[in-house]
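Visitor: Take this sequence and fold it.
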Amino acid sequence: MIAADQSGVTIDSLDRSTDMAAMPPEIRTDDLSAPAVHALLREHLENMALHSPPESIHALDLKALRQPGITFWTAWDGNDLLGCGALKELDSTHGEIKSMRTASAHRRKGVAATMLKHLLTVAGQRGYRRLSLETGSMAAFEPARAMYARFGFIFCGPFNGYVEDPYSVFMTRAL
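Guide: Have a look, this model is predicted:
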């Protein structure tokens, strides 16, 4: 049994998916060198461009994900890439979730929830007291917003240099 966090919500109680519980993926710190990772990130950026104007896209490309202060992970089932996620350190107590993406073939199987659990665990181990994110405001992003809300994230204003934008929603969670 996982103990409740400060909000009183247990991480285990928040994941409604059963697919990942039966056979959890291997989550690896990734160096962004695999072609499958390049393809997934390309898909991510292309999808963002379908829903947001260029000035409102905050997804990171390969070069940006390799910057100091960002750690990138991938989830695998054998040689099959399931998804990815990253943490960007904003300061010693505040992190930002970046580049959350599930491969199209693995949506609705709990991959994103599994990755989010991993990011929350690492953020806690790093001593962050807050974890924040930016995501889209459009209908296409509703499943992501709902998942973040299930994990205790609440809506907030822009943070760390973001500005109000009709295409963006900002969420945060105390750890």
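
Visitor: CA atoms for contacts and neighbours, from now on please.
Guide: Fine.

Visitor: which element is the residue most central in space within the chain on?
Guide: Residue closest to the average C-alpha location in the chain (CA atoms, centre = their mean): Met100, at 3.4 Å. For Met100, the enclosing helix or strand under DSSP states H and E is strand 94-102.

Visitor: Quick check: buried residues in that strand?
Guide: Within strand 94-102, the residues scored as buried using 16 or more other CA atoms under 10 Å are His94, Gly95, Glu96, Ile97, Lys98, Ser99, Met100, Arg101, Thr102.

Visitor: Pairing partners for that strand, with directions?
Guide: In the sheet, strand 94-102 lines up against strand 80-91 (antiparallel), strand 130-136 (parallel) (DSSP bridges).

Visitor: can I get the ones you listed in TSV with mean pLDDT?
Guide: As requested, those are exported to TSV (pLDDT from 0 to 100):
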stretch	mean pLDDT
strand 80-91	97
strand 130-136	97
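
Visitor: Can you give the contact residues for the strand holding Met100?
Guide: 40-41, 44, 59-60, 82-90, 111-112, 119, 123, 128-134 (CA atoms under 8 Å, 6 or more residues apart in numbering).

Visitor: The residues you listed, buried ones only, as a ChimeraX selection?
Guide: A single ChimeraX command selects the buried members of the contacts of strand 94-102 (16+ other CA under 10 Å):
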select :40,41,44,59,82,83,84,85,86,87,88,89,90,111,112,119,123,128,130,131,132,133,134
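
Visitor: roughly how far is the longest helix anywhere in the chain from the heart of the chain?
Guide: Criterion DSSP state H: the longest helix present in the chain is helix 35-51. Its chain's C-alpha centre and that of helix 35-51 lie 14 Å apart, by CA atoms, centre = their mean, to the nearest Å.
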